[in-house]
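Asker: only geometry, no sequence info:
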Ligand code: NI
């Protein structure tokens, strides 16, 4: 396995739409494993392929609390086949928007159809944090970030801070 580097916003690559995988083969399985390793190292609870510069409809998740056994979920070509009418609001973060958080409302429960690690077609009923996390990662496959769900004012504040933090990090590296 290999750790991949995570792209942070603002970056035009995070705004692109990812392409379907079709079949989960050895190459996709390797990508899933590398993404999980990258996500655990970050650490984070979800990661989508566009965040590591791969425009494929692949994501990985693990919402098990720290200290408990890992429960990795490897997902290809996910589709929401049902969504609840009620919304739930969670404070979301993202490895591509480090150290920034905002409340985002999304359907409280979803049924998601996808291909798993063995290329089997799976239907998963998700609610709570898992439902939110799945929808957040699926957004990445459409080039959508959690800040696209909040006001333009709040979004611009976060993006400006990220640009500033990147410039400071670059200046430190030069010094
Ligand atoms: Ni994210």
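Answerer: Arrived safely. Only a predicted model underlies this, so the values are computations on that prediction, with no experimental measurement involved.
Asker: could you use CA atoms for every contact and neighbour count after this?
Answerer: Noted.
Asker: lowest-pLDDT helix or strand in the chain?
Answerer: Ranking every helix and strand in the chain by mean pLDDT, DSSP states H and E puts helix 152-174 at the bottom, with a mean of 92.
Asker: state the pLDDT value of residue 50.
Answerer: Note on residue 50: pLDDT of 98.
Asker: if you could redo that for residue 94, that was the one I meant.
Answerer: pLDDT, residue 94: 98.
Asker: related to what we said a few turns ago, now the least confident helix or strand of the chain: buried residues?
Answerer: For helix 152-174, burial by neighbour count (16 or more other Cα atoms under 10 Å) applies to 158, 159, 162.
Asker: how far does that helix sit from the chain's center?
Answerer: 21 Å (Cα atoms, centre = their mean, to the nearest Å).
Asker: next: stretch 49-66.
Answerer: Centre to centre, stretch against its chain (Cα atoms, centre = their mean), the figure for stretch 49-66 is 5 Å.
Asker: try stretch 6-13
Answerer: 12 Å.
Asker: what's stretch 47-56 in contact with?
Answerer: 4-8, 13-14, 16-21, 35-36, 39, 57-61, 95-96, 137-138, 140-141 (Cα atoms under 8 Å, 6 or more residues apart in numbering).
Asker: could you redo the last one with a cut-off of 6 Å?
Answerer: With contacts defined as Cα atoms under 6 Å, 6 or more residues apart in numbering, stretch 47-56 is touched by 5, 6, 7, 18, 19, 58, 59, 60, 137.
Asker: phi and psi next, for the residue nearest to the fifth one when sequence neighbours are not counted.
Answerer: Of all residues not flanking residue 19 in the chain, residue 56 sits nearest, at 4.8 Å (Cα to Cα, 6 or more residues apart in numbering). Backbone torsions for residue 56, taken as degrees, to the nearest 10, come to phi -120, psi 150.
Asker: what pLDDT does residue 56 get?
Answerer: pLDDT at residue 56 comes out at 98.
Asker: where's it relative to residue 3, distance?
Answerer: For residue 56, the distance to residue 3 equals 17 Å [Cα to Cα, to the nearest Å].
Asker: pick out whichever of those two has more residues nearby.
Answerer: residue 56 (20 against 16; other Cα atoms under 10 Å).
Asker: and the gap between the more buried one and residue 66?
Answerer: Using Cα to Cα, we find residue 56 at a distance of 28 Å from residue 66.
Asker: likewise for residue 26?
Answerer: Look at residue 26 and residue 66: by Cα to Cα, they are 29 Å apart.
Asker: strands of the protein, residue ranges please.
Answerer: Along the chain, counting by DSSP state E, strands occupy 46-48, 58-61, 73-83, 87-92, 102-107, 109-115, 121-127.
Asker: of these, which stretch is the most buried?
Answerer: Neighbour counts (mean count of other Cα atoms under 10 Å) averaged over each of the strands of the chain peak at strand 46-48, with a mean of 28.
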